[in-house]
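# Make a model of this:
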Amino acid sequence: MGPALHLIARLYAVEERAKTLLLSAEQRLALRQRVSARLVGKLHQYLLELRPQVLPKSPSGAAVRYALNQWEALTRFLEDGELEIDNGATERANRDIALGRGNWTFFGSDAGGKTAAVLRSFIASCKRSGVEPFAWFRDVLARIPAHSIARLSELLPYNWKPTTTPAQA
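As a prediction, this is how the structure comes out:
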């Protein structure tokens with residue numbers, strides 16, 4: 001499994017390089033297609049060669065099987081420069097949900113659970129975009145009735161520009 005870990009480390013080094021250079025999504029995609037796609041191809045070939053050499057129920061066999069079964073999802077980042085190589089940021093954003101799961105067993109209804117999920121998604125998007133969630137909710141909820149649906153994306157946390165300053169609120 002050492003060669004697989006080495007290839008994965010090289011993939012992450014490409015991502016780190018893209019971040020260090022502050023590449024746009026288009027530039028990051030071009031870098032991935034030029035460098036990462038070749039590394040992913042080598043990783044895929046290695047896993048296919050390794051599969052018959054490991055016991056299926058061993059930890060290594062389970063890892064190889066999982067990677068090959070999830071190959072399409074694992075390589076999706078090669079198709080879109082906006083996508084991250086992994087879901088680490090999402091996992092970190094949802095960590096408090098996992099910690100509070102026992103407290104949130106009952107939302108009163110399925111609709112309540114769905115509403116909570118939507119609200120938590122907005123809060124995570126705000127945090128990821130460096131936006132204070134309460135300020136975003138207050139501003140967007142006040143603006144949305146008069147806002148054109150064709151320009152709805154302007155109100156998403158990563159595009160949001162507040163109409164009021166904190167002193168005016």
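# Counting neighbours, what do you get for S60?
Residues lying near S60 (other Cβ atoms under 10 Å) number 15. Glycine gets a C-beta too; all of them are placed from N, C-alpha and C.
# I'd guessed it sits against V54; true?
Yes: between S60 and V54 there is a contact at 4.5 Å, judged by Cβ atoms under 8 Å.
# and L29, what helix or strand is that in?
Using DSSP states H and E, L29 sits in helix 25-31.
# Same question for A73.
Counting by DSSP H and E, A73 is part of helix 71-74.
# Which residues are in contact with the closest residue to A93 other than its chain neighbours?
Nearest residue to A93 in three dimensions, chain neighbours excluded: A124, at 3.9 Å (Cβ to Cβ, 6 or more residues apart in numbering). Residues near A124 by Cβ atoms under 8 Å, 6 or more residues apart in numbering: T90, A93, N94.
# Only the buried members of the residues you listed: can you turn that into a PyMOL selection?
Buried members of these, defined by 16 or more other Cβ atoms under 10 Å, are picked up in PyMOL with:
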select buried, resi 93
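# And the helix or strand in which G41 is found, what's buried?
According to DSSP H and E, G41 maps onto helix 37-50. Using 16+ other Cβ under 10 Å as the test for burial, helix 37-50 gives L39, V40, L43, H44, Y46, L47, L50.
# Check stretch 81-88 too.
G81, I85.
# same thing with stretch 63-81?
Burial within stretch 63-81, assessed by neighbour count using 16+ other Cβ under 10 Å, is assigned to V64, A67, L74, T75, F77, L78, G81.
# taking those one by one, which sit in helices?
Using DSSP state H, the members of the buried residues of stretch 63-81 that fall within helices are V64, A67, L74.
# Make a markdown table from those and add pLDDT and distance to A4 to it.
Converted to a markdown table, these look like this (pLDDT from 0 to 100; distance: Cβ to Cβ, whole Å):
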| residue | pLDDT | distance to A4 |
| --- | --- | --- |
| V64 | 93 | 8 |
| A67 | 93 | 8 |
| L74 | 92 | 12 |
